[in-house]
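In: pasting the sequence and the predicted coordinates here, then a few questions.
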Amino acid sequence: AKKAKKPKDSSNELAVCRVLLADLEAHQDAWPFLSPVRHKSVPGYRKVIKKPMDFSTIKEKLTNNLYLNLENFIVDVNLVFNNCQRFNEDDSEIGRAGHRMRRFFDKRWTELLHLK
Ligand SMILES: Oc1ccc2c(c1)N[C@H](O)CC2
């Protein structure tokens, strides 16, 4: 017989987003991602990176209820790391920080989701 699907509990997804963002901001490798890239002083950035994103902008969006669910939030966090990989060599300070932050984020949100 078909197993009854467990109803999804989305009520605490925004609380999970706040915890995840606080953990990202507190990480020692967060420094390249804390505020918007000053693209006026970074040649090529505005041309190459179509959708800039950073942790302070994500916090603003979270505060203004612009994330409908955890998935939309994760899309923006991954945008931060994908922009970083696009613009920085893997073998650079910022490139390495981006890889470390992405690994940390992936581990952290899967931990939090398994708690449910
Ligand atoms: O050398 C530089 C100078 C500025 C930036 C980067 C590297 N990478 C950041 O992703 C964007 C800003």
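Out: Ah, there it is. Remember, it's a predicted structure, so these values are computed and weren't measured experimentally.
In: going by C-alpha atoms from here, please, whenever you check contacts or count neighbours.
Out: Noted.
In: what does the longest helix seen in the chain contact?
Out: Ordering each helix of the chain by length in residues (DSSP state H) puts helix 93-114 first. By CA atoms under 8 Å, 6 or more residues apart in numbering, the surrounding residues in contact with helix 93-114 are 16, 20, 24, 27, 29-30, 32, 78, 81, 84-85, 88-90.
In: give the PyMOL command for selecting the buried subset of these.
Out: The PyMOL command for the buried members of the contacts of helix 93-114 (criterion: 16 or more other CA atoms under 10 Å) is given here:
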select buried, resi 16+20+24+29+30+32+81+84+85
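In: can you name the two of the contacts of helix 93-114 that are farthest apart?
Out: Greatest spatial distance among the contacts of helix 93-114 (CA to CA): Val16 and Glu89, at 31.4 Å.
In: related to what we said a few turns ago, show me which positions of the longest helix of the chain end up buried.
Out: Buried residues in helix 93-114, defined by neighbour count with 16+ other CA under 10 Å: Ile94, Gly95, Arg96, Ala97, Gly98, His99, Met101, Arg102, Phe105, Trp109.
In: low-confidence ranges in the chain?
Out: Under the criterion pLDDT under 70, the flagged ranges of the chain are 116.
In: enumerate the residues of it near the ligand.
Out: Val37, Val42, Cys84, Phe87, Asn88 (CA under 6 Å from any ligand atom).
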